[in-house]
Each structure stands twice: as structure tokens, then as C-alpha cells.
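J.: turn this into a model:
(4 chains)
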Protein chains: 4
Amino acid sequence: MNTETTRVEAFSDGVFAIAITLLILEIKVPREDAAGPLAAQLVRLWPSYLAFLASFANIGVMWLNHHRLFGLIRRSDDGLVGLNLLLLLGVTFVPFPTAVLAEHLLGHEQRTAGLLYAGTFVGLAVVFNLLWRYVVRKKLCAEHADVPSITRQYAFGPVFYAATAAVAWYSATACLVVSGLLAVYFALPPRLWRDA
Amino acid sequence: MNTETTRVEAFSDGVFAIAITLLILEIKVPREDAAGPLAAQLVRLWPSYLAFLASFANIGVMWLNHHRLFGLIRRSDDGLVGLNLLLLLGVTFVPFPTAVLAEHLLGHEQRTAGLLYAGTFVGLAVVFNLLWRYVVRKKLCAEHADVPSITRQYAFGPVFYAATAAVAWYSATACLVVSGLLAVYFALPPRLWRDA
Amino acid sequence: MNTETTRVEAFSDGVFAIAITLLILEIKVPREDAAGPLAAQLVRLWPSYLAFLASFANIGVMWLNHHRLFGLIRRSDDGLVGLNLLLLLGVTFVPFPTAVLAEHLLGHEQRTAGLLYAGTFVGLAVVFNLLWRYVVRKKLCAEHADVPSITRQYAFGPVFYAATAAVAWYSATACLVVSGLLAVYFALPPRLWRDA
Amino acid sequence: MNTETTRVEAFSDGVFAIAITLLILEIKVPREDAAGPLAAQLVRLWPSYLAFLASFANIGVMWLNHHRLFGLIRRSDDGLVGLNLLLLLGVTFVPFPTAVLAEHLLGHEQRTAGLLYAGTFVGLAVVFNLLWRYVVRKKLCAEHADVPSITRQYAFGPVFYAATAAVAWYSATACLVVSGLLAVYFALPPRLWRDA
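T.: This next block holds a predicted model:
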């Protein structure tokens, strides 16, 4: 268990894959006896679609960064496995604030729902930082890893997600849009736009 | 992350496997206090079975093509991972239009439900084309890959699924049957019938 | 895609693992405002526990046999992948008849529910035979595979499960118990009892 | 099937990952038309969060110990696969007692719910012991494995979880907290605190 990360990655991939797929269960199917045309009912579900998209994007980008991070890690130890479980705890929690925000996106309680949503991702960004700092301190990563720039990039995570919490103070919808864009930004690094 | 596709495939396999298995949760179990004999209630659920079958077949065949495609890909990059996440977004969405169509298959809103269903697969077929064209342009695939014929085959995807949308204009049930047959056709290539 | 079975096995493992884990969602949690003591309510759920156990055992033993079978398969082809998807279709369907049987185990419709349940496993056993015969005919399996004895063992599958359907004609509970024992019997081969 | 454990581990990882992720589905999303402020409703859900945390921690630590255990196992046989399925049966069951305990944590039936919860983990700890003793007796583990100390450590499992059952006699909340701490204790071995 001290030298390889394969099974930790396999288990993590499973948790990421399930959490990202369970999001769809929160979108309620319009029943046949509901009032009004189906098209209108489907359109009225847009808060659920938006929450689904934003959470899919954020879990996807976290998986991507987890993938990149473990690509740099040369050995595992019990502390890393423990911190990784803490990260997965946050990932499995995401469907709950997502559903709460979808339910309350247009209501008068949208601020509370938005803060819960943004707060979840602030917490996740903090755990990513703890995990990376642990990796660096215990010298678990590959020689060629560019430690200072990764540390700097990760340090911005909690700050950016805290900014989405500030946005949630004014509009839960805006918070969701900003969260989604933040994820897209992290997922598609500049060089994609340069080379593609 | 630039040279191997193993973990991208593992994560994708997880998402495909979960999305295909969650479909069963949309078939509602007849309760003991429901009116009429159980056999009749089970038979009346046929729209749910048909939707389950068609979506299972389509997700299955997309997994199969994803498997074939990644068998040709020699290296991965951030753009490929990003486009793959877009594809998985579509895959995780499938249980929703499936449930909507099962609920409305015999109702007067079947056209809307059928268009949502067919539209989802048109979107997925478009993303498959974007992914393949990206692979070709960035030269990520193996030397021996028969690029022109794969490009041609993929190009038919959106056209065929758009045809099922046209069918949905007349009958949601026919749309579902055609979608299912389309998947079976893609899953079982001609040489199976020749060699088996 | 013609020479390795790794990703087919990974996808299949995912589907088996999810189908076996989703079974628990069908056991309804007694609510706090329900009448009577909780202990009695938990005991009254025994049809759900029994159905959970029997289906867990049967999916588990199918995974085990899938594992054994693919351990003998040296190459894959499109027909094998297609038949494997047919098998997985049956596996993902299992939670539905399980829930139907748990709901109706003590009611007057238990015969219908039992036949649906047993019929599902007869179908799965037939697909296992189709898969194995395809493997043999296409010479996809390893040289050392003991083809005649595997063919004989598989041929008993549909017969045994059809016998549980006959049992279901008299008692759904007995059908469930027999199905569970059948799975345990297949899972724990004689040599375990000899060597352990 | 006699010489490698890879696919057994992959299937087990899938089951652990799904069971741990399904826990979130048991936390009920407050609906928009519910009485009182959303913040208060979210706070009132604390029994669900606590049950989620404790079960996540316990499934996580079981995965960790499964990972450690299979790291020592050099070959697999049918008995090991059978006992592993028994262990996975317990793991997939965990979401049910978790949901029962969350529902009844503050009610007058908390003792019954707590005993069900603690009893589930006593059972799992017993199966871990059976699995390990089987591995030792059949000489399936690596030469370097420190058999006596692992045997001793595992033997404490049922005792410790039985102690949480005794705690449940007095308070279900305390039982949950102790279960969670027990998992954290097992997950983070002493050397982490020494080296970190």
C-alpha cells in the first residue's frame, strides 16, 4: 500500500463517476396528469438543468484535476488515502446541495441555497489544497512536478469558489452560472484554445 | 496526462455503466393496493420496458463505439478529455428523456417527449463527430486507423438520429422502436451475420 | 477490439456492481410516523430482505461465472461484445422483478410476481448458454478450457431456473428461497467444502 | 481464477464506491413549500448528515482495510471469492440501517434503530475475520505478511462495534458518533500522526 496508487485511483474514479451520474436523478420527470403543455413544463425545469450542468462541470473538472494530480504522485501512504477519502466525502455530497439549489433557485430562500452550494465547493477546494500540500511535504510526487506553480494554481481554488459564494448573496442563478464557467475555465486550459 | 488514455477510459466506463444501470429505476413497481390483476399492470408498463430497451441499446452501442474509438487513440490531451466529458454529460442525461418518453408515450404530449428523446441522441451523435474530428486534427490516433471510413460512418449518426426525430413527429412509439433498431444495427456489424 | 477483453470486463464489472448495489434502494425505510413499534415494522419487511438476499446471491454468482468465463476467453469480437451486452441487459433488469416480488410476496398475486422473477433468471441462463456456445463456435477460448463439461454445466442453468418457476406456481416465498440456494450452490463449488 | 485477484478487487471497488455514494440519496431535499426558513430546515437535517458521515467513514475504512488485505493476498480461490461476496453483501446493506437510523435518531424508537445500525457493523467485522482466517488457513497471503498482528487487530473489530451497540442502548446519537470516530481511528493509523 505504500508504493502504488492504482487502486486508490480506481476507487476514486468509481466515486466520481457515480456522483456525476446520480445528478440526473434529481431532475423530476413531469407526470402525465400535470397541468399545462409538456413543453412548458420541460422549460420550467431549467433551474434543474442549470444545476445539473454546473455540478456536472464542477465534478468533471475535479475528476480531471484528481487525474492530473495522481499522474504526478509516485507513491501513496495512509495519510494520502485518508485525505483522498475526505475529498471523496465532499464529492459524494455534491448531489445534495445541487438538488437544494435547483429546488430553491427561484424562491425567496435562494440565498441560503446558493451559499450552501458555493460553500460545498469552497470546502472541496480547501481539501484539494490540503491533499496537495501533504503530497509535497511527504515528497510523494514525481521529480519533474512543477510544485510552485501547482501550489499557486490550487491556492486560487478556495478564493474563486468563495467569490461564487459572494455572488450567491445577490443571485443564486448567477452563482450557478459563475460556478459552471469556473469549472469550464479549469477544465479547458489555455493551450487547448491555442492548438485546436 | 498527455500520453495515456487508461484512466479516461476507466472513468468513462464507469459513467456508461452507471447510466445504463440507472435506467431500471425509472420503471415503477406496481404496488400491492393497485387496482386490477398484477399481470395486466405489468403489461400496461410496456412503454417503460420499450423505453428501457431502446435507451439500453443506445447507451450500449455508444459505449461500444467509445471503446472502439479509444482503441484507436494513442495519446490523450486536455481537449480530448474535455470533449469526452461533454460526451459523458450527454450520456448521463439519457435517463431523463427516457423517463419523460415512457411517461408520455401514449399521451397527447407524445410528440414533445419523442422530440426531446430523439434530440438528445442527435446531440450525442454530434459530440461523437466533434470528438473524432478533434482526434484526427490533433493526430492522436493510431497509424493504421482507417480515418476516411470512420469519418463517413460517424457523419451518418446525426442524420440517422434526426430521422428518428422526424418519426417522433408522427408516433413516439415508432420513434422508440426505430431508435432501438438503429442501436442494434450499429452494435452488430455486418460481419457478425456473415461469420457467426 | 479483436484481441483483448479487458475493457469489456471492466464495463461488465461496473454493471454487475451497480445492479447488485441498487437492490438495497428497493427496501423501504419505515417512517417515524408509521404505526406500531419499529422492531415489528423492520420484521415485517422480511419479504424485502429475502428478495434482496436472493437477488444479491444470483447477481453475485452470475458475476462469478462471468469472471470464470472471461478468464477462459482469449480474444473478443463484435458478436461476443453484443451477446455480452444482451447479458448485461438482463442483469440491469433484475432489480425490477426483485422489487415486484418483494411487494407481492405475501399477496394474492404472488404467483405472477414469482413467475416474472423466475422467468428473468431463465432468460439470463439462456443468454449465458448463447454466449458460451458463441465462444466455442468462434474458437475464442483458451486451449486448456474443458469445453464439454462447461457446456454441460451451463445447459443445466435454464433447467434449474425453470424449476424455480414451477415452484413459484405454488409459493413465491419458496421460489425465492430455492433461487437463493441455487445461487449459493453455484457460487460455492464442491471443492470448497472438500478443502476448507 | 486461482491465481489473480485483480478482477475481484475491481468488482469490490465498484461495490464499495457505489454503496458509499448512494448514501447521499437518503438525505431528503427540503421542498420549496415546506414551512419555516430553509436554513432551519437544513439544520434540522443534522441526523441525516451525521448518519451520512458515520456510514461514509465506516464504508471508507472498510474499503481501506479491504485494499490493505488484498495487497497481502497472492492468490484467490473460490472460497475467498465467496467470502468476499458475503462481505460485499454487508457493504451494500449499509445504506438501509443508515437511513433507518437517520429517520429515527431523535424519536422514541432510537434504540431499535441504533441496534440495527451497530449490529450491521458487528456482522461486517465478523465477516472480515472469517475472510482473514480463511486466507491464513489456505495460505493465500504473501510471505512477508505479519499474520499474528493482523489477526489480533481484526479480532478487536467485532468487540469494538459491539461496544457501539451497547452505546446505542443509551443513545443512538452517541452510537453514531462513536461509530464515526471508530472508523476515523482505523483509517488514520498511528504512524500518520508520527510522520506527518
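J.: show me where chain A has helices.
T.: For chain A, the helices defined by DSSP state H occupy A:6-22, A:38-44, A:46-72, A:78-93, A:95-104, A:110-137, A:147-170, A:172-187, A:190-195.
J.: show me which residues of chain A sit near chain D.
T.: On the criterion C-beta under 8 Å from any C-beta of the partner chain, chain D has as its neighbours in chain A the residues A:1, A:7-8, A:10-11, A:14-15, A:17-19, A:22, A:25-26, A:77-79, A:81-82, A:85, A:88-89, A:92-93, A:95-96, A:99-100, A:103-104, A:107, A:109, A:112-113, A:116, A:134, A:137-138. C-beta: built from backbone N, CA, C; applies to glycine.
J.: from these, which would you call buried?
T.: Buried residues within the residues of chain A next to chain D, counting neighbours by 16 or more other C-beta atoms under 10 Å in any protein chain shown: A:1, A:7-8, A:10-11, A:14-15, A:17-19, A:22, A:25-26, A:77-79, A:81-82, A:85, A:88-89, A:92-93, A:95-96, A:99-100, A:103-104, A:109, A:112-113, A:116, A:134.
J.: near chain B, list only the ones from those residues.
T.: Of these, the ones that also sit near chain B (C-beta under 8 Å from any C-beta) are A:A10, A:G14, A:A17, A:I18, A:L22, A:L25.
J.: ok, now which ones touch the fifth one?
T.: By C-beta atoms under 8 Å, 6 or more residues apart in numbering or on different chains, the residues touching A:L22 are A:P95, B:I18, B:L22, D:T21, D:L22, D:I24, D:L25.
J.: go again using 6 Å as the cut-off
T.: A:P95 (C-beta atoms under 6 Å, 6 or more residues apart in numbering or on different chains).
J.: next: the fourth one.
T.: Listed by C-beta under 6 Å, 6+ apart, the contact set of A:I18 reads B:I18, D:I18, D:T21.
J.: what sits closest to it if chain neighbours are left out?
T.: D:T21 (4.1 Å; C-beta to C-beta, 6 or more residues apart in numbering or on different chains).
J.: against B:K28, how distant is the closest residue in space to A:V29 that isn't next to it in sequence?
T.: Here the nearest residue to A:V29 in space, its sequence neighbours aside, is B:A99; by C-beta to C-beta, 6+ apart that works out to 4.3 Å. Here the distance between B:A99 and B:K28 works out to 10 Å (C-beta to C-beta, to the nearest Å).
J.: what's the neighbour count on A:I24?
T.: Neighbour count for A:I24, taken as other C-beta atoms under 10 Å in any protein chain shown: 21.
J.: quick one: it from chain D, how far?
T.: As for A:I24, its distance to chain D is 12 Å (criterion: C-beta to the nearest C-beta, to the nearest Å).
J.: that residue and B:P97 touch, don't they?
T.: No - using C-beta atoms under 6 Å as the test, A:I24 is too far from B:P97 to be in contact (10.2 Å).
J.: now the closest residue to chain D within chain A: how far from D:P97?
T.: The minimum distance from chain A to chain D, using C-beta to the nearest C-beta, falls at A:G14 (3.0 Å). Using C-beta to C-beta, A:G14 is found at 22 Å from D:P97.
J.: and what of A:A125?
T.: Looking at A:A125 against D:P97, where the rule is C-beta to C-beta, the gap reads 33 Å.
J.: can you report how many residues lie near the closest residue to A:G114 other than its chain neighbours?
T.: In space, A:G114 comes closest to A:A168 once its chain neighbours are excluded; the distance is 2.9 Å by C-beta to C-beta, 6+ apart. Here the count is done by other C-beta under 10 Å, and A:A168 has 26 residues near it.
J.: can you check the pLDDT for A:A187?
T.: According to the predicted model, the pLDDT of A:A187 comes to 69.
J.: and what of A:F70?
T.: According to the per-residue confidence, A:F70 scores 88 in pLDDT.
J.: A:A145: how many residues sit nearby?
T.: Around A:A145 sit 17 other residues, with neighbours defined as other C-beta under 10 Å.
J.: that one reaches A:L72, doesn't it?
T.: Yes - shown here, A:A145 and A:L72 form a contact pair, counting by C-beta under 6 Å, at 4.5 Å.
J.: ok, back up a step: and the residue nearest to A:I18, what does it touch?
T.: Applying C-beta under 6 Å, 6+ apart as the definition, the contact partners of D:T21 turn out to be A:V15, A:I18, A:A19, A:T92.
J.: taking those together, which two end up most distant?
T.: Every pair in the contacts of D:T21 was compared (C-beta to C-beta); the two farthest apart turn out to be A:I18 and A:T92, at 8.0 Å.
J.: A:F52 is in contact with A:G180, correct?
T.: No - shown here, A:G180 and A:F52 do not form a contact pair, counting by C-beta under 6 Å, at 10.1 Å.
J.: the more surrounded of the two?
T.: Set side by side, A:G180 and A:F52 show more neighbours around A:F52, with 24 against 19, by other C-beta under 10 Å.
J.: that one touches A:E26, doesn't it?
T.: No - at 7.3 Å, A:F52 does not count as touching A:E26 under the criterion of C-beta under 6 Å.
J.: now stretch A:178-188, how far from the chain's geometric center?
T.: Its chain's C-alpha centre lies 10 Å from the corresponding centre of stretch A:178-188 when counted by C-alpha atoms, centre = their mean, to the nearest Å.
J.: scratch that, stretch A:10-20 is what I was asking about
T.: The chain centroid and the centroid of stretch A:10-20 are separated by 12 Å under C-alpha atoms, centre = their mean.
J.: could you pull up the mean pLDDT of that stretch?
T.: Model confidence over stretch A:10-20 averages 93 on the pLDDT scale.
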